[in-house]
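*Asks:* no FASTA, just this:
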């Protein structure tokens, strides 16, 4: 990375994180591999740079600056993921007692912020499956990078930039059923991240060195663990009650709706691979979400919100809203093609 590239990261909140111990070398190297893999498919992509910001909030984002792209993830996000995957696996072990709580609190604008404890709660690694912890962490990291890359090569960043320049949306609210088009872009990024994380780690076996993961060898176990850790990660942003009139204008679908859309995407992937979706597999996937919610509550003392997740399927108004997020892609597709580096078929 050149000094000019470093300059962009230095200008962001917190500046660039100085990883003196090279603690995140494996993440940086794996991210470079993923970027080059995507570039090999879409050679028209401009330069893409990746860096870590010295900010403790849960945040990852991408920007376009001087004809180049910058993907930034905060050190707070990396610490929170590590904290989450260690402690939720400790809770999953079933050990009774005082479960270690997540080291986070509500930061700026309510965004989760890493908040190291003055007296850290001791977590016995005897109660943690080390391979599960490493595997879950790797799944979440890979998912985040693919999510941000989708915003680049599918044209999301440039489309949003165009709307900001003209200070209005390019789309008819009536056609979109009054749903913010940004929610469809986020759905698209989640879909791309889900598809590519599953294909890379399960089907293509693109696993970083030094991680021997038994659950990567079995489809049922892998899907269970994918849902378990992605549910836990998205759950960090809370499962608020679902009020359709309120959530339509937001930039992201509500977390419970995002999880439901990811479930739908997994189903599509398995169908494409001609994998039979029987009752056992459905039960496996639902159990992963139930267990993740149960364990998340243990390490946060928050209220169990499974009822909010279930409402996505049980409330016809919420279900219609979710379906419309997907349908809206067809409405924004033609405009998106102007900014995309790939052919958009969906």
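*Replies:* Cool, got the structure. It should be emphasised that the depicted structure is a prediction, and the values quoted were computed from it without experimental measurement.

*Asks:* What lies in contact with stretch 259-270?
*Replies:* Residues outside stretch 259-270 that contact it (Cβ atoms under 8 Å, 6 or more residues apart in numbering): 187, 190-191, 194-195, 198-199, 223, 226-227, 230-231, 234, 253, 277, 281, 285, 289, 309, 312-313, 322, 325-326. C-beta here means a position set from N, CA and C on the backbone, and glycine is covered the same way.

*Asks:* now it: how far from the chain's centre is it?
*Replies:* Distance, stretch centre to chain centre, for stretch 259-270: 14 Å (Cα atoms, centre = their mean, to the nearest Å).

*Asks:* Check which helix or strand residue 146 maps to.
*Replies:* Counting by DSSP states H and E, the element that carries residue 146 is helix 130-153.

*Asks:* What is that helix packed up against?
*Replies:* Applying 3 or more Cβ pairs under 8 Å, 6 or more residues apart in numbering; DSSP states H and E, one finds that helix 130-153 makes contact with helix 25-41, strand 48-53, strand 60-65, strand 68-74, helix 75-92, helix 181-198, helix 219-235.

*Asks:* how about low-confidence regions in this structure?
*Replies:* Counting by pLDDT under 70, the low-confidence segments of the chain come to 1-5, 93-98, 108-109, 117-131, 167, 205-216, 345-346.

*Asks:* From residue 24, how far out is residue 328?
*Replies:* According to Cβ to Cβ, to the nearest Å, residue 328 stands 36 Å off from residue 24.

*Asks:* In terms of neighbours, single out the busier of these two.
*Replies:* Higher neighbour count among residue 328 and residue 24: residue 328, with 21 against 17, using other Cβ atoms under 10 Å.

*Asks:* Skipping adjacent residues, who's closest to that one in space?
*Replies:* Of all residues not flanking residue 328 in the chain, residue 184 sits nearest, at 4.4 Å (Cβ to Cβ, 6 or more residues apart in numbering).

*Asks:* Same question for residue 144.
*Replies:* Closest residue to residue 144 apart from its sequence neighbours, by Cβ to Cβ, 6+ apart: residue 60 at 5.3 Å.

*Asks:* got a list of what that neighbour touches?
*Replies:* So, once contact is read as Cβ under 8 Å, 6+ apart, residue 60 ends up touching 71-74, 77, 144, 147-148.

*Asks:* Correct me if wrong: residue 303 contacts residue 293.
*Replies:* No: assessed by Cβ atoms under 8 Å, residue 303 is found out of contact with residue 293, at 10.5 Å.

*Asks:* Please identify which of these two sits among more neighbours.
*Replies:* Here residue 303 and residue 293 are compared on neighbour count by other Cβ under 10 Å; more neighbours surround residue 293, at 23 against 9.

*Asks:* Now do the SS call for that one.
*Replies:* Following DSSP: H, G, I helix; E, B strand; the rest coil, the label given to residue 293 is helix.

*Asks:* buried set for the strand or helix carrying residue 325?
*Replies:* Here residue 325 sits within helix 316-337, counting by DSSP H and E. Within helix 316-337, the residues that qualify as buried are 318, 321-322, 324-326, 328-329, 331-332, 335-336, counting by 16 or more other Cβ atoms under 10 Å.

*Asks:* for stretch 287-297, same thing?
*Replies:* Neighbour-count burial for stretch 287-297 flags 288-293, 295-297 (criterion: 16+ other Cβ under 10 Å).

*Asks:* In TSV: the residues you listed, plus distance to residue 152.
*Replies:* Formatted as TSV, the buried residues of stretch 287-297 follow (distance: Cβ to Cβ, whole Å):
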residue	distance to residue 152
288	30
289	30
290	35
291	34
292	29
293	32
295	34
296	31
297	36
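
*Asks:* Nearest to residue 170, out of the residues you listed: which one, please.
*Replies:* residue 289 (35.5 Å; Cβ to Cβ).

*Asks:* The closest one touches residue 309, doesn't it?
*Replies:* Yes: in this structure, residue 289 is within contact of residue 309 by Cβ under 8 Å, at 6.7 Å.
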